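Participant: The following comprises the amino acid sequence and a computationally predicted model.
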Amino acid sequence: MKNGKDLAENDVLILNNNINIADDTGLGIPTKAVNGSYFLIREVLDQIPERIYNRKKELVANLNFRRLKVKLLGSTMNADAEIILLENYLDGIEELSREEQVAFKIFINRKLADAKNKYPFEISEEYKNLQIDQAYKDVNLKIEKWRSLRKEDEDAGTKRNLKAPRNDLQKYESELNKIKKRYVAEYSNNLLRSLRNSDPFINSALVNYGWAITVHKSVGSSFDSVLLKAIQQEDGGKSNESYFRWLYSGLTASKSKLHILSPQSISPFENCTIVDEVSSDSTIKFIPIRANLSFNNEDVSEDIRRFNSEGLNYNSLVVTNHLLNHLDGYKLENVKKYSDYLIKVTLVSKDNFEAVIAISNKGNKDVSAIRKERSSQEIQPHIDNAIEQLYNEFKSDDFPMDFRNEIYIDWFNILKDQNCSLHLQESHQNEDRFSVTRLNEVVNFNVRYTTGEKNYGFFSSLTIKEKSNDNLAEIIKNLIDND
């Protein structure tokens, strides 16, 4: 976004290459301005045009340089500095044409040729290093020896079996040229590097207007006020990690004020499909799925501890302890291990009525089921109530503590306002299973979600598995808002 057709005072420019800004005092070292730096124009000075011709005297392109007085924003350099920019780059919207690129290369090569005339290789440090190079000296000795032998051949009038064949000289001269070429290349590179650091034209700034920049360009910078267009690209997605990384980079460029242009609505159900292919069935009943029970560092009574010598499942023993706490006057008669997955507990009431309770576990892990195997009719209600109390005591209504938590709490409250209850029955990798109840009505449904790095935080499907009626199923489907 340009601030008018021509460069003007107070325009902001962004640098697209690395340049050195000379120290006007001559006492310090140049200030390095790197790609992404910002300049504030203090004064627009003269334009310096260069017409570039090739060896055939044909015009390649016109290069237009511009002298500016600027302030380097975000720098410790307080004084204004003078730089030269190549206006062709600014006019070409961040690029040079092919002809301009060729012309600039010719321009640099001519500057380099002028520098070589002024500072020839023979007076350079690289030439001095060449003269003391041992390999270079060894080859020169071989050439001197060859010339001595060659003189002997000529004095003797030898035509065959020469002591100094001409092929040897060619080989030595080739070796000498290779060594010298290496030092000449080093000389040229160092001279060009020096020119890039000191010559303001070769070191010219490639800039474009800095009022609007890409998020990528803004990384590492901060601004008092930012206007951020929240569309990364017209056909780009907004439900992937790269978009959120890009958005975060743009948001954090602001120090105080941030204005969002083209704000995007992003829903975790953006690409969620709804599947409802089952028929209504009024006979469906709500069957709560009891969670597995697990305990940590919970003590058990002395009566129970005496059965622990058989290596019984710890969680099963804690369950037995809690059952006894809910059964006043009952005592533990026996604990028998049937396998690593099952124990059976015999309880006796104060009236000597007996009950056997089977406690299943997942191989020395959580208790997965508690069931009454047999009991006297007189105490059956007591046993059923104790098991129900135990499950209710350790029942967890907590939703998963990740991106789903807030969504499920919203669902819970929305459904509650419609006299419905939400029950999270099971949680599996990438899938949660729910039941929604209203009086005698019930709908069982599953939701699938993504946990991969690419699309973390999004749901992929909601599937109705069973329903008492369509009305309650529609209430659940309306939980997903794709707008």
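Facilitator: Ah, there it is. Numbers count the residues shown, from 1 in each chain.

Participant: now the end-to-end length of stretch 154-171.
Facilitator: 20 Å (CA to CA, to the nearest Å).

Participant: now stretch 425-440
Facilitator: Terminal residues of stretch 425-440 are spaced 18 Å apart (CA to CA).

Participant: can you list the residues that contact that stretch?
Facilitator: Residues from elsewhere that reach stretch 425-440, judged by CB atoms under 8 Å, 6 or more residues apart in numbering: 286, 288-289, 400, 404, 415, 418-424, 442-451, 468, 472, 475-476. C-beta coordinates here come from the backbone N, C-alpha and C atoms, glycine included.

Participant: Buried members of the residues you listed into PyMOL, please.
Facilitator: One line in PyMOL is enough to select the buried ones among these; burial here means 16 or more other CB atoms under 10 Å:
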select buried, resi 286+404+415+420+422+423+424+442+443+444+445+446+447+449+450+468+472+475+476
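
Participant: And the worst-scoring helix or strand of the chain on mean pLDDT, what does it pack against?
Facilitator: Ranking every helix and strand in the chain by mean pLDDT, DSSP states H and E puts helix 215-218 at the bottom, with a mean of 78. Counting contacts by 3 or more CB pairs under 8 Å, 6 or more residues apart in numbering; DSSP states H and E, helix 215-218 is packed against helix 241-251.

Participant: So which bits of the helix it packs on are buried?
Facilitator: 243, 246-247, 250.

Participant: burial measure for E474, as a count.
Facilitator: Close neighbours of E474, defined as other CB atoms under 10 Å, add up to 12.

Participant: again but with I480, I slipped
Facilitator: 18.

Participant: for it, what are its contacts?
Facilitator: Residues near I480 by CB under 8 Å, 6+ apart: 269, 272, 274, 459, 462.

Participant: in the stretch 201-350 of the chain, which spans are helices?
Facilitator: In the stretch 201-350 of the chain, the helices defined using DSSP state H, counting those that start in this stretch lie at 215-218, 241-251, 302-305, 314-326.

Participant: Point me to the helix or strand that includes the nearest residue to Q418 once chain neighbours are set aside.
Facilitator: Leaving aside its sequence neighbours, Q418 sits nearest to I475 (CB to CB, 6 or more residues apart in numbering; 6.1 Å). When elements are assigned from DSSP states H and E, I475 belongs to helix 470-477.

Participant: Check which helices and strands that helix is in contact with.
Facilitator: Helices and strands touching helix 470-477, as assessed by 3+ CB pairs under 8 Å, 6+ apart, comprise strand 431-438, strand 441-449, strand 459-467.

Participant: closest to I41 out of those?
Facilitator: Taking CB to CB, strand 459-467 is the member of the helices and strands packed on helix 470-477 nearest to I41, at 51.2 Å.

Participant: tell me the angle that closest one makes with helix 470-477.
Facilitator: Angle, strand 459-467 to helix 470-477, by axes from the mean of the first three to the mean of the last three CA atoms, to 10 degrees: 160 degrees.

Participant: rewinding a little: pick the one among the buried residues of helix 241-251 closest to D138.
Facilitator: Checking these one by one against D138 (CB to CB), the nearest turns out to be W246, at 59.9 Å.

Participant: wouldn't that closest one be in contact with V219 here?
Facilitator: No - between W246 and V219 there is no contact under CB atoms under 8 Å: 10.1 Å.

Participant: Could you tell me the angle between the helix or strand encompassing I370 and helix 314-326?
Facilitator: Using DSSP H and E, I370 sits in strand 367-375. Angle, strand 367-375 to helix 314-326, by the same axes, to 10 degrees: 50 degrees.

Participant: Thanks a lot, see you next time.
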